[in-house]
Each structure stands twice: as C-alpha cells, then as structure tokens.
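**Q** sequence unknown, structure follows:
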C-alpha cells in the first residue's frame, strides 16, 4: 500500500483507498482525481448511504455540520456503534466476557457522550459500584472508544481518557485471606452436612485439594477425573494457563471421589447447576455466598473467608512447603511470568507434581 501526497489517500495495485489509522476503505477507482473527490465525500460524510459502513450511516443526521472536538463525541448514535463493536469483536471473547462487556456498555448514554457526560457516568457508577469494578468498566469503555475512533471519522476523542480511579496500594497477599486450621475444620463440618453424594460437598473438597477456581470445577466432566489426575479443560477458562492437569490428591480418593464420579450419568458432574450467561459457577457461587459459615452478620461487610480463599490456602501451603514456583503455577493455572517457561516450556510431568500435592494437608 503506497501513500500518496494527499492525507488519508493510499494506492494499492492501481486502486485508491481511504485510510484512517487501522480503517481501510476502497474508493473503487484508478483515477486519482476522482479518488480525491471521493475522499472529500468520505471525510465530510456525503457519500451515498449504500457505500457506507453502519458506523458512518449513523452519523448522517449531523454530518454536514462542522463540529468542535468537544462536541464530536455526541454525533454518532451509540446504540448502533455498540452493536457494530460487539458484532465485530464478539468472537474474541468467551460468552462470560461478552456478557460483561455488553452489560457495561449499557451504562453509556445513547447520545451526547462528551467529557461532561463521561464524568457524570463515572460519578453515577461510583455510587453503586466499587472502585475495582468501575475501573474494569472503564477498561471496557476505553477499548470501545479506541475501536470507535479507528472506525469512525466523526469521533476523534475518548471522553473517558484519564478517568481511572487510583486505588490504595495493598499487597497481593492481603487482598484475600487464606483459611486457618480452625476455619478449615469448620468448613469440613459444613461440607459434611451435605454428605459425599452431593455437589455441594464435592465443590468444597475439590476446591480444597486442588486450588481450582469454582468456574473450572463446575465444568468438570466424569472423564476429567481419574485416579491419576484431574484435568481442567472446560470451554470457559480464565486464561490459557488455566487449562492443565492436577494430580488427584490422595485425600480426595480416600473421601470417595472416584465412586461419586462413577455414579454420574450426565455430561457434567455439577449438571444440577446450570450455566448462566456463560458462567458455570453462577449457581454454585450464589449457594456458597448465601450459606458461607463465615459470612458476616453485618450488612455490607464481606465474609472473612470465601470460596476463592481455598485457592489462597493451597497457594500458601505450596509456598510454605518450598515448592518451586513453576510447579505451583502449573497446579494453580498461573502464568510463570517468565517468557522461557510461558512460551516455550512444556507442562510439568504429573509424577513431579504429585510430590508437591503432599504439602496440601
């Protein structure tokens, strides 16, 4: 693609194209003079509607009027832009992530989205959402506007730029507690009330002796659990590293997990909890949150430990046992943070990981 001396105009194989950042649009002509006229039409929004993308069509009502950079973000019909954005990029996300992004974009006003409106969105969200949740929404808003700016000549600014809320720095280890021995004993008593034929019992026990995420556990199928290993290979996993094999802890076999698995005739072991909007752990998470023996009696106050705390418990035991970080990362489904291991390293052999699992008591 060769650049001409005219901004936004490029030529490839004799055909002229309009280019704005990552957007390429064929002008369908080999005549430079005609291409220049068509380019002016593109930049001023006067091309025939049939030749336009959905994003450009949405701006027709105000395209003929010159606008300042402060008002430019109010021009498009953002409902159409959001739909086009989801249609083009949806294949990149899991169903769960797609739902999160779609729901977050619903907080954007349909018109008049300038800096003032973006600040109003921020203020309203912070009244009903935590700071980490707002910053996650902001990440989705920024990604959306990067796409809009690249695909729509009318929009040149991101009104959400610079609106991130800075959080107080805390250590990663302090963000969620691990279970102490007394709490684990109480958790076992809680699980035993359901009995080892129930999904509630095995959700807790598998989480305890693998450190797996709840959404990973709830996707397990009968053939994923053997006497040798528990294979995490669900359709909806948090990261590429989440797909892994964890040695089956001797305690799980002692508790009767193989017999429970053998009795399951359904596709999933936790089939009673149906997935909701791509989340297989939706029902399980709601059950545990409501019945958590450690939940606070004070409204709005979080429990001292929750289900995810089991993951921290396993990580703590592996660390205190002196287990090498690459082995612990394989068990927990983490990245090693090392390009040699992450990109080129192979999965650690199950026989090596078995020794590490013994530190999980």
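**A** Structure's in. What do you need? Being a predicted model, the structure only gives us computed values, none of them experimental.
**Q** and residue 317, how close does it get to residue 241?
**A** Residue 317 sits 20 Å away from residue 241, going by Cβ to Cβ, to the nearest Å. C-betas here are computed from N, CA, C, even on glycine.
**Q** if you count what's nearby, which of these two comes out ahead?
**A** Using other Cβ atoms under 10 Å as the criterion, residue 317 and residue 241 rank with residue 317 on top: 19 against 15.
**Q** so the more buried one touches residue 358, yeah?
**A** No. The criterion here is Cβ atoms under 8 Å, and residue 317 misses it with residue 358 at 9.9 Å.
**Q** tell me where the model's unsure across the stretch 151-300 of the chain.
**A** 169-175, 300 (pLDDT under 70).
**Q** same thing but 80
**A** Along the stretch 151-300 of the chain, segments meeting pLDDT under 80 span 153-154, 168-176, 277-278, 297-300.
**Q** which residues of it fall in strands?
**A** In the stretch 151-300 of the chain, the strands defined using DSSP state E, counting those that start in this stretch lie at 229-232, 244-247.
**Q** could you pull out the helices in the stretch 251-361 of the chain for me?
**A** For the stretch 251-361 of the chain, applying DSSP state H, counting those that start in this stretch gives helices covering 257-263, 282-291, 309-320, 325-332, 339, 350-357.
**Q** centre-most residue in the chain?
**A** Of all residues in the chain, the one closest to the mean position by Cα atoms, centre = their mean is residue 97, 4.6 Å from it.
**Q** who are the packing partners of the strand or helix carrying it?
**A** Under the criterion of DSSP states H and E, residue 97 resides in helix 95-105. Helices and strands touching helix 95-105, by 3 or more Cβ pairs under 8 Å, 6 or more residues apart in numbering; DSSP states H and E, are helix 78-89, helix 131-151.
**Q** now do it against helix 131-151, angle only.
**A** Counting by axes from the mean of the first three to the mean of the last three Cα atoms, to 10 degrees, helix 95-105 lies at 90 degrees to helix 131-151.
**Q** buried residues, helix 95-105. List them.
**A** Across helix 95-105, burial judged by 16 or more other Cβ atoms under 10 Å covers 96, 98, 100-102, 104-105.
**Q** stretch 179-193 too?
**A** Buried residues in stretch 179-193, counted by 16+ other Cβ under 10 Å: 179, 183-184, 187, 190-191.
**Q** just put the residues you listed in a markdown table and tack on distance to residue 298.
**A** Output for the buried residues of stretch 179-193, formatted as a markdown table (distance: Cβ to Cβ, whole Å):
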| residue | distance to residue 298 |
| --- | --- |
| 179 | 21 |
| 183 | 18 |
| 184 | 24 |
| 187 | 21 |
| 190 | 20 |
| 191 | 25 |
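**Q** out of those residues, which sit inside helices?
**A** Among those, the members falling in helices (DSSP state H) are 183-184, 187, 190-191.
**Q** distance of residue 10 from residue 25?
**A** Remark: distance between residue 10 and residue 25 (Cβ to Cβ) = 10 Å.
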